[in-house]
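Novice: Fold the following.
(one chain, ligands or ions: 3)
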Amino acid sequence: MTDFAATEVLAAADVRTWVDEVAAKTKPASVRYLTGSDAEYQELVDVMLEAGTIVPVPKRPGSYLARSTKDDVARMEDRTFICSEQEIDAGPTNNWRDPAEMRETLDELFEGAMARRTMYVIPFSMGVVGGPISQLGVEITDSPYVAASMMYMTRVTDEVHTAIESGDFWVKALHSIGVPLAEGEADVAWPSNPNRYITQFPETREIISFGSAYGGNALLAKKCFALRIASAMARDEGWMAEHMLILRMRHESGRTLHITGAFPSACGKTNLAMLQSSMPEWTIETIGDDIAWLRPGKDGRLYAINPEYGFFGVAPGTSVKTNSVAMEMMERDTIFTNVALTEDGDVWWEGMTKEVPENLTNWLGEPHDPSGDAPAAHPNARFTVRAMQCPSIAPDYDDPAGVPIDAIIFGGRRPSLVPLVMQSRSWQHGVFVGSTVSSQQTAAAEGPVGQIRRDPFAMLPFAGYNMGDYFAHWLRMGESLGDKAPKIFNVNWFRRDEEGGFPWPGFSENARVLDWVAKRVSGEVTGVETPIGILPAADELNLDGLEIDRDVLDELISCDVEGWRDEMLGVSEFYEIFGQRLPGELGRELTDVKRRLKEAAEAN
Ligand SMILES: Nc1nc2c(ncn2[C@@H]2O[C@H](COP(=O)(O)OP(=O)(O)OP(=O)(O)O)[C@@H](O)[C@H]2O)c(=O)[nH]1
Ligand SMILES: O=C([O-])CC(=O)C(=O)O
Ligand SMILES: [Mn+2]
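Specialist: Numbering: from 1, shown residues only. Ligands and ions are numbered 1, 2, ... in the order given. Okay, here's the model as predicted:
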């Protein structure tokens, strides 16, 4: 059954055992081990071209467009399960299933699931193989789209087998689109099964995903491993797995700082990571755009790596004006998913240019109707590209030791109330701030777009265990880091004015906020103490060359006491769901904020 001759990969013995077991159950026509070569990538491309899964994008060498079905365009949070032995260990924010029951359900679904398909075995490393913060995994999938995407997003290499053979830990990640073919049955361009399960078994560190081929549901190294499984590993082993970008700020004086930022899906991580600074004294280097693994180093500081090898970014809204770095990065060797196609063979999406080109083919492959409401590209259309193609990538972005973090920034999409930037009073207060992050929902997940929900640490859909315990883990990390802990901030680029516009110009101008963060880290500015945290004093934000009304800006950096008192009622309600698992420290922080707000209200 197993077709070793095809690649001559000497797979690690326990990988082979697992592969044989899965193949015996799922009954693929053949098994193909990948080693990460260009020839293999080309082979996957050829398979997909033949099947109609992708079409070339002639204007961009080595680039392709994949069109999914209408129902397989985003993460599906209601089909995502944490299968811990005890329900309480999944916590109130996760869907829980009993692991034995879940396995039984999946066992049935996987029976013969890969019939007449090729089963790909993909050894991958998150971080450089052998790095002190790195981890290994093997994904099995019957989707060539998933296999090709994994080759861009992770380090696919048979060195993984050598490391496994020498005893290194690895994660099993099993995926099937769940569409076996009957004898002679023709395939469709985007096969997927509407009966979907994205399951994580945090205790045995396993992932099993069925039915969907969409990124977050199927590229199992990403959200399933690097966040859900890794967060559980990190809790047990004293490190952190976070939904964070990582960037380096380099000042013309030579000073450098490293910052991580946790914003919910489609709330600006990729854009901030690739920021083109509007302040000439600062240059930004990209280290990661979505996931950070952090570990205390020998010097007691917190070090972060980007475990990924590529970017799976949101296309709509990306333009030469908003993110020229990303636009340049996508000029070649990019897999686009669910974008529109122009008449002359280029990709297009809403926000890419002001003018909508004529005669677009929309993401469904149909003629676009410019007079209608439907967008040409799906709002969660994505690009997949290797990190090294990014013009702003830090030359040492894959240093296995990571970079020492000076500041952590939380944020979300809040049309009102939440100021442009704020610093927490302490690590503990920062954990309170992170635990209360909330944001308007975006198209990155199925569900109502625009509704505000709590998304603590931007990890609501990604914590692999009880979120109350996750808060406690953050508090513990702060205790052990002591005065070497990064400073914690909160930002909001998404305030709206009465016309629905963004009063803060955002994008490159966010450099001005990073500049204030840097000055707070060095102690060059003092800020103003308010009940919710430290806000910039009126003259502390550098506004040189920026056209913004002073009153508008003042409102963006003020504390609306009454608004915040209401907000804290919502936080109290949210905290109740954690019961006994809510760390006492956070309850006390909430009481303190409420008291400070009350005092401020009475002083007025
Ligand atoms: N108004 C405004 N929009 C922004 C800003 N930064 C990003 N956006 C828009 O927000 C959307 C998502 O931005 P991304 O940077 O891709 O978000 P992300 O957090 O990386 O998203 P995921 O890949 O889903 O994790 C895009 O349409 C951006 O154009 C900003 O500063 N201001
Ligand atoms: O995981 C995905 O599918 C895309 C992504 O980055 C997110 O939703 O945060
Ligand atoms: Mn992103």
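Novice: interface residues of the stretch 251-400 of the chain facing ligand 3?
Specialist: K269, T270, D290, G313 (CB under 5 Å from the ion). All C-beta atoms are positioned from the backbone trio N, CA, C, and that covers glycine.
Novice: can you redo the residues you listed as TSV with neighbour count and distance to E139?
Specialist: Output for those, formatted as TSV (neighbours: other CB atoms under 10 Å; distance: CB to CB, whole Å):
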residue	neighbour count	distance to E139
K269	28	23
T270	24	23
D290	25	18
G313	24	21
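Novice: In helices, which of those residues fall?
Specialist: K269, T270 (DSSP state H).
Novice: Which one of the residues of the stretch 251-400 of the chain next to ligand 3 is nearest to Y470?
Specialist: When these are compared for distance to Y470 (CB to CB), D290 wins out at 18.3 Å.
Novice: And the pLDDT for the closest one?
Specialist: Predicted confidence (pLDDT) for D290: 98.
Novice: From what I see, it and L219 are in contact.
Specialist: No - using CB atoms under 8 Å, D290 is not in contact with L219, being 11.2 Å away.
Novice: list residues touching both of these two?
Specialist: Shared contacts of D290 and L219 (CB atoms under 8 Å, 6 or more residues apart in numbering): F312.
Novice: thinking again about what came up before, filter the residues of the stretch 251-400 of the chain next to ligand 3 down to the ones near ligand 1?
Specialist: Filtering these for proximity to ligand 1 by CB under 6 Å from any ligand atom leaves K269, T270, D290, G313.
Novice: Does ligand 1 have contacts with stretch 502-515?
Specialist: Yes - Stretch 502-515 lies within reach of ligand 1 by CB under 6 Å from any ligand atom, at F502, G506, F507, N510.
Novice: of all the residues of the stretch 251-400 of the chain next to ligand 3, which comes closest to ligand 3?
Specialist: The closest of these to ligand 3 turns out to be T270 (CB to the ion; 3.6 Å).
Novice: what's the distance between that closest one and I534?
Specialist: Taking CB to CB, to the nearest Å as the measure, T270 falls 28 Å from I534.
Novice: How about I408?
Specialist: 15 Å.
Novice: Of these two, which one has the most company?
Specialist: Neighbour comparison, I408 and I534: the larger count goes to I408, with 28 against 20 (by other CB atoms under 10 Å).
Novice: can you list the residues of this protein near ligand 2?
Specialist: Neighbours of ligand 2 within the chain, by CB under 6 Å from any ligand atom: R75, G215, G216, K222, K223, S265, D290, F312, A444.
Novice: How about the protein: which residue is closest to ligand 2?
Specialist: Relative to ligand 2, the nearest point of the chain is G216 (2.4 Å; CB to the nearest ligand atom).
Novice: List just the nearest of the ones next to ligand 1 among the residues of the stretch 251-400 of the chain next to ligand 3 to V437.
Specialist: Of all these, V437 sits closest to K269, with 13.1 Å by CB to CB.
Novice: got a list of what that closest one touches?
Specialist: Contacts for K269 (CB under 8 Å, 6+ apart) come out as H243, M244, L245, G261, A262, F263, D289, D290.
Novice: Farthest-apart pair in these, please.
Specialist: Within the contacts of K269, A262 and D289 form the most distant pair, 12.1 Å apart (CB to CB).
Novice: Domain ranges for the chain, per the record?
Specialist: 4-52+77-237, 241-309+398-603, 311-389 (automatic domain parsing).
Novice: Quick one, which of the ones you listed gets closest to R60.
Specialist: With CB to CB as the criterion, R60 lies closest to domain 311-389 of the domains of the chain, at 5.6 Å.
Novice: buried residues in the longest strand seen in the chain?
Specialist: Using DSSP state E to define each element, the chain has its longest strand at strand 118-126. Of the residues in strand 118-126, T118, M119, Y120, V121, I122, P123, F124, S125, M126 count as buried by neighbour count, 16 or more other CB atoms under 10 Å.
Novice: Tabulate the CA atom coordinates of that strand in CSV.
Specialist: Output in CSV follows, covering the C-alpha atoms of strand 118-126 (Å, rounded to 0.1, in the frame of the first residue of the first chain):
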residue,chain,number,x,y,z
THR,A,118,-3.8,10.3,-3.0
MET,A,119,-3.0,10.6,0.7
TYR,A,120,-0.2,13.1,1.3
VAL,A,121,2.1,12.7,4.3
ILE,A,122,3.6,16.0,5.2
PRO,A,123,6.4,16.2,7.8
PHE,A,124,6.7,19.8,9.1
SER,A,125,8.6,21.8,11.6
MET,A,126,7.2,24.9,13.3
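Novice: Contacts only, for the residue positioned nearest the centre of the chain.
Specialist: Nearest to the mean C-alpha position of the chain, counting by CA atoms, centre = their mean, stands D290 at 3.8 Å. Counting by CB under 8 Å, 6+ apart, D290 touches K222, H243, M244, L245, K269, T270, E308, F311, F312.
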